[in-house]
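> 3D model of this:
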Amino acid sequence: MRRRRFIALVGGAAGLAIIPRLLVAWAEPSVRPHRLAYLALLPGENATFAKPLLQRLEELGYREGENMVWDYRSADDHAERLPQLAAELVDAARVEGAQLHLPDADEAHRLLTLTYEAEARTITDQDRREESRSWIRPRTDTDFGIPPEARGPQDAAGHLPMRDFSALRPPTSMPAQHFERHPQLAVLATDHDRPADWLRAGLALQHVLLLATRDQVRASLLHQAVEWPDLRWMLRDPRNGPEHVQILIRLGYGPEGAPTPRGAASSALG
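The predicted structure follows:
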């Protein structure tokens, strides 16, 4: 069994919908209302910074409950909850026998550069293009795969290299969206790279995603560079020792994505 499928099988057992369009500023522009997400880092921002923003939006014709959905996140007015959650995620991975690192801006930029390279390689490789497209399947055909309506948009500014499962041949057109400029990444790694370590990585991924979901934090997986051996080795941060990176996780606040199918537990155990 391939390492990627093994980790995905264990990590996906929680039944979480992985959101590939995390922290998009606005939801899909069709008949749905616009959705604006605001993350407050300081207590009381709903009465200071957020209030004039809402007033200005009303002047521009956007009204909450009519043509706009306003998502305000303030960690219950406790700014210390944000680093507390980060510490919980790190501890959750450690409990399962893995490591979770939260890189700084410079290291995140380096990791995204490697992810860009991997995505470019993948979409120009015929076999991998065909494999990616095979994962996009109508919901009525199978319990596995990605329904076309669950695909996420690409980053309009080009800062985030999201996985293009359509491999440059999307079933439906989807306009690009503006993502966050400085994404918060997490690096999930293990000491070794044996099947037992893949199991640990899957359990750690499940634990981390459950905690993130509890606090309404969205997550998407950037696994492109892990699929190329030379790039995977370069994902390592020497400051963390001789680890084996298993997957990159993008974390943040944003709108809820479209649901994806879930297979029965018996299908994974058969």
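> got the residue ranges for the strands in the stretch 151-270 of the chain?
Secondary structure of the stretch 151-270 of the chain (DSSP state E, counting those that start in this stretch): strands located at 184-190, 218-222, 244-252.
> I'd like to know how far Ile247 sits from Glu227.
Per Cβ to Cβ, to the nearest Å, Ile247 is found 10 Å from Glu227. C-beta here means a position set from N, CA and C on the backbone, and glycine is covered the same way.
> Compare neighbour counts for the two and give me the winner.
Applying other Cβ atoms under 10 Å to Ile247 and Glu227 shows that Ile247 carries more neighbours, namely 23 against 15.
> beta partners of the more buried one?
Legend: beta-bridge partners of Ile247 under DSSP bridges are Leu188.
> I'd like the distance from the residue positioned nearest the centre of the chain to Gly65, if you could.
Centroid-nearest residue in the chain, with Cα atoms, centre = their mean: Ser220, separated by 1.1 Å. Distance, Ser220 to Gly65, using Cβ to Cβ: 29 Å.
> go on, His182?
Taking Cβ to Cβ, one finds His182 at 31 Å from Gly65.
> now Gly202
As for Gly202, its distance to Gly65 is 41 Å (criterion: Cβ to Cβ).
> And these two? Which one has more around it.
Gly202 (24 against 8).
> Stretch 188-208: how far from the chain's middle?
With Cα atoms, centre = their mean, to the nearest Å as the basis, stretch 188-208 stands 18 Å off its chain's centre.
> Can you point out the buried residues in it?
188-190, 193, 197-208 (16 or more other Cβ atoms under 10 Å).
> Please flag which of those sit within helices.
Among these, the members falling in helices are Asp197, Trp198, Leu199, Arg200, Ala201, Gly202, Leu203, Ala204, Leu205, Gln206, His207, Val208 (criterion: DSSP state H).
> Mind pulling up the pLDDT for the fifth one?
What it means is Ala201. With respect to pLDDT, Ala201 has a value of 96.
> State the distance from it to Trp228.
The value you get for Ala201 to Trp228, if Cβ to Cβ is used, is 18 Å.
> do the same with the first one
According to Cβ to Cβ, Asp197 stands 19 Å off from Trp228.
> same thing with the second one?
Separation of Trp198 from Trp228 (Cβ to Cβ) stands at 17 Å.
> Am I right that the residue nearest to the centre of the chain is in contact with Met162?
Yes: counting by Cβ atoms under 8 Å, Met162 is a contact partner of Ser220 at 7.4 Å.
> Averaging pLDDT per element, find the lowest-scoring helix or strand in this structure.
In the chain, no helix or strand scores lower on mean pLDDT, DSSP states H and E than helix 3-11, which sits at a mean of 58.
> picking that back up, give the bridge partners for the residue nearest to the centre of the chain, please.
Following DSSP bridges, Ser220 is listed with bridge partners Arg250.
> Can you give me the pLDDT of it?
88.
> the helices in the stretch 1-150 of the chain, which residues?
All helices of the stretch 1-150 of the chain, identified by DSSP state H, counting those that start in this stretch, fall at 3-11, 50-59, 81-95, 105-123, 126-134.
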